[in-house]
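# just a sequence and a predicted model for now, questions to come.
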Amino acid sequence: MGRLPRYIRQFAAFSALIVLLFALSGCMYPKSQMKQNQVAPKEAVRNVQAAIDQYQSETGMLPMKNSTANTPKYEKFYIDFGVLNRTGYMSDIPSSAFEKGGNYSYLIIDEESKPRVKLLDILAFQKINDIQSWVTSYIQTNSVLPKGEQTYPGFYQIDYKAMSKTAPTIRSVFSGQTIQAIVDENGVVFSDYGIDIMQYIQKSGKNDFEADLDLRTLLVDGSDFVPVKAPVYHFVNNEPQAVKP
C-alpha cells in the first residue's frame, strides 16, 4: 500500500488546487465583507436561481463551468458568474460567493431535469481536504491507513494521534452540529452526515425508503446546501449507512 492508486493521487492534486483558489480568493477581501457568511444567504440563492432560470429559458443553456466525469456529484457544476454578469442576467456576484471572498460556492444540481441552485460550504471543504492531505502523506510514509474503529462497512474513524494531528472541528450546515471525518479502505476521506440524515428521517416520520435511494438527497431537498464530500448513504436496518461506490 506504499504507492497510492493513481486516482487517489489525482484526487489529492485536484483538491489542493481548489483549496489554493479558495484561499487566494479569501485573501483578496477584507473581513468586514465576510460578515454575511454567518447566515445562510437565502435571498441570494433565490436571486441566483431566478437568473439561472431566465438564462436557460432564453438561451437554452446553463451558465456553469466545465467538469469531468469523475467530479463528485455535489461538486460538479459551479455557476459561472462571469457569464451571468457579462450577459446582463446579474449585475453583481453575491457577496457570500467565494468569488467575492464569501464562504460558499454556488452550484447547479439536477442540471438535466430541473436545475437548482445550491451552496457548498468552503470552510468544511477546506478542512476535509486538509485531512485528506494528512492521510495521504501518512499512507505514503507508513503503507497503512491511519484508521480507528469501523463506523460503517468499509469506513473507519481517523486516527489523528497516529498522524500527530488534532482533529479539526467540522460543523454541519444542516444542523449546526459537529460532524466527523471518516476514511474508506482506499484512503479517501469523507464527511459523515449520518446523524444529520437520521434527524431528517425522524422528522419526516418515514421508514420505507427504497433500498437504493441516496439519502443525501434528503439533506439537499430540505435546505439550500449540498453535503461536503459525503459518501452515498442507503437506509439499512432502519438507519443511514454509508456505502462504497
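Noted; the coordinates are in hand. Numbers count the residues shown, from 1 in each chain.

# can you map out the strands along the protein?
Taking DSSP state E to define them, one finds strands in the chain at 104-109, 116-121, 147-152, 155-158, 170-171, 178-179, 181-184, 189-191, 232-236, 239-243.

# okay, and for this structure, where does confidence drop off?
1-40 (pLDDT under 70).

# name the residue most distant from the centre of it?
Glu58 (30.0 Å; CA atoms, centre = their mean).

# please report how far that one lies from Ala50.
Computed as CB to CB, to the nearest Å, the Glu58 to Ala50 distance reads 13 Å. From N, CA and C alone the C-beta is placed, and that goes for glycine too.

# contacting residues for the residue most central in space within the chain?
Taking CA atoms, centre = their mean, the centroid of the chain lies closest to Val228, which sits 2.2 Å from it. Residues near Val228 by CB atoms under 8 Å, 6 or more residues apart in numbering: 74, 120-121, 124-125, 128, 191.

# just give the number of residues close to the closest residue to it other than its chain neighbours.
For Val228, ignoring the flanking residues on the chain, the nearest one in space by CB to CB, 6 or more residues apart in numbering is Ala124 at 4.3 Å. The tally of other residues near Ala124 (other CB atoms under 10 Å) stands at 23.

# how near is Ala124 to Phe225?
From Ala124 to Phe225 the distance is 10 Å (CB to CB).

# overlap of the contact sets of these two?
Val173.

# residue boundaries of the helices in this protein?
6-27, 42-59, 81-86, 122-142, 194-204, 216-221 (DSSP state H).

# turn the ones you listed into a markdown table, including distance to Ser172.
As requested, these are exported to a markdown table (distance: least, CB to CB, whole Å):
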| stretch | distance to Ser172 |
| --- | --- |
| helix 6-27 | 19 |
| helix 42-59 | 17 |
| helix 81-86 | 26 |
| helix 122-142 | 8 |
| helix 194-204 | 5 |
| helix 216-221 | 9 |
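
# nearest to Glu149 among the ones you listed would be which one?
Closest to Glu149 of these, according to CB to CB: helix 194-204, at 14.1 Å.

# ok, and the closest non-adjacent residue to Ile197?
That would be Pro240: by CB to CB, 6+ apart, it lies 4.3 Å from Ile197.

# how many neighbouring residues does that neighbour have?
With other CB under 10 Å as criterion, Pro240 counts 23.

# and Val135, what does it touch?
Here Val135 is in contact with 145-146, 158, 163, 183, 187, 189 (criterion: CB under 8 Å, 6+ apart).

# what would the residues you listed look like in JSON lines with distance to Pro94?
Output for those, formatted as JSON lines (distance: CB to CB, whole Å):
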{"residue": "Leu145", "distance to Pro94": "39"}
{"residue": "Pro146", "distance to Pro94": "38"}
{"residue": "Ile158", "distance to Pro94": "34"}
{"residue": "Met163", "distance to Pro94": "37"}
{"residue": "Val183", "distance to Pro94": "34"}
{"residue": "Gly187", "distance to Pro94": "35"}
{"residue": "Val189", "distance to Pro94": "29"}
